[in-house]
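Q: I'd like to go over a predicted model; first the sequence, then the structure.
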Amino acid sequence: MKLLAMDTSTSAITVAIHDGTVVLAERSVIDARAHTEHLAPLITQILSEAGLAPGDLTDVAVGVGPGPFTGLRVGLVTARTFAHALDIPVHGVVSLDALAHEAMSSERLDDGDELVVATDARRKEVYVARYAVASGAVLRITEPAVTYPADVPETFRALPAVGRGAVLYPETFPTRVGPLDVSAGALAEVAVAQVAAGVEVGLDALYLRRPDATPSAVSKSTVMAPRGAKR
């Protein structure tokens, strides 16, 4: 296996290559507003670092969010296009799962431990999900949701919190641990495990709400009336 993984659901534009056993190369840039500008060059760089050509890849994995609309769709469109051009499968991974997986490893959590992942949803909101460690893996025990920090359940607040949301809202998440943003290396590890288990998440983006950008209404004053018609 030679799997290209990418995620653009958080402030990190992150890419990695995994050979089914270990991460061969990984690069990330923190820039919440320039996902399009960074993603393609990062892919070129890690392919070079891993000594691979695009044709050597066997799989693509991409974070499906949740995340802000504009950034998230950059990764999804790029992953679909790349996989289609190479005629290889593309696998979706819930981005919060990758953060939980990395936190389990970096914090050395044991079976029975729980944590919450909280990422920045903008508009003074957070994306959240609760996880438990079991048999050396993290299991998502609530579906990802978008909410105001003040509305986060008390059962979540008492848990160690992973992600940039814990930095932005320390009064809601007083015990911050682990990474702030998604790592493509961690996402690749989750994807490899999913493929081995025959699990497919799908590629439907988890926006969880309407896009930030919406078409503006056409002003009546700009609509041209037919010649000779009364306004």
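A: Alright, I've got the coordinates.
Q: next, count neighbours for the closest residue to residue 61 other than its chain neighbours.
A: Of all residues not flanking residue 61 in the chain, residue 191 sits nearest, at 3.5 Å (C-beta to C-beta, 6 or more residues apart in numbering). Glycine gets a C-beta too; all of them are placed from N, C-alpha and C. Residue 191 has 30 neighbours, counted by other C-beta atoms under 10 Å.
Q: hang on, residue 191 packs against residue 7?
A: No: using C-beta atoms under 8 Å as the test, residue 191 is too far from residue 7 to be in contact (10.4 Å).
Q: mind listing the shared neighbours of these two?
A: Both residue 191 and residue 7 are contacted by residue 93, under the criterion C-beta atoms under 8 Å, 6 or more residues apart in numbering.
Q: list the buried ones in the longest helix along the chain?
A: For the chain, the helix with the greatest residue count under DSSP state H is helix 69-86. If you call a residue buried by 16 or more other C-beta atoms under 10 Å, then helix 69-86 has these buried ones: 69, 71-76, 78-79, 82-83, 86.
Q: could I get those residues as JSON lines with pLDDT?
A: Below are these laid out as JSON lines (pLDDT from 0 to 100):
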{"residue": "69", "pLDDT": "91"}
{"residue": "71", "pLDDT": "91"}
{"residue": "72", "pLDDT": "94"}
{"residue": "73", "pLDDT": "94"}
{"residue": "74", "pLDDT": "95"}
{"residue": "75", "pLDDT": "97"}
{"residue": "76", "pLDDT": "97"}
{"residue": "78", "pLDDT": "97"}
{"residue": "79", "pLDDT": "98"}
{"residue": "82", "pLDDT": "95"}
{"residue": "83", "pLDDT": "97"}
{"residue": "86", "pLDDT": "97"}
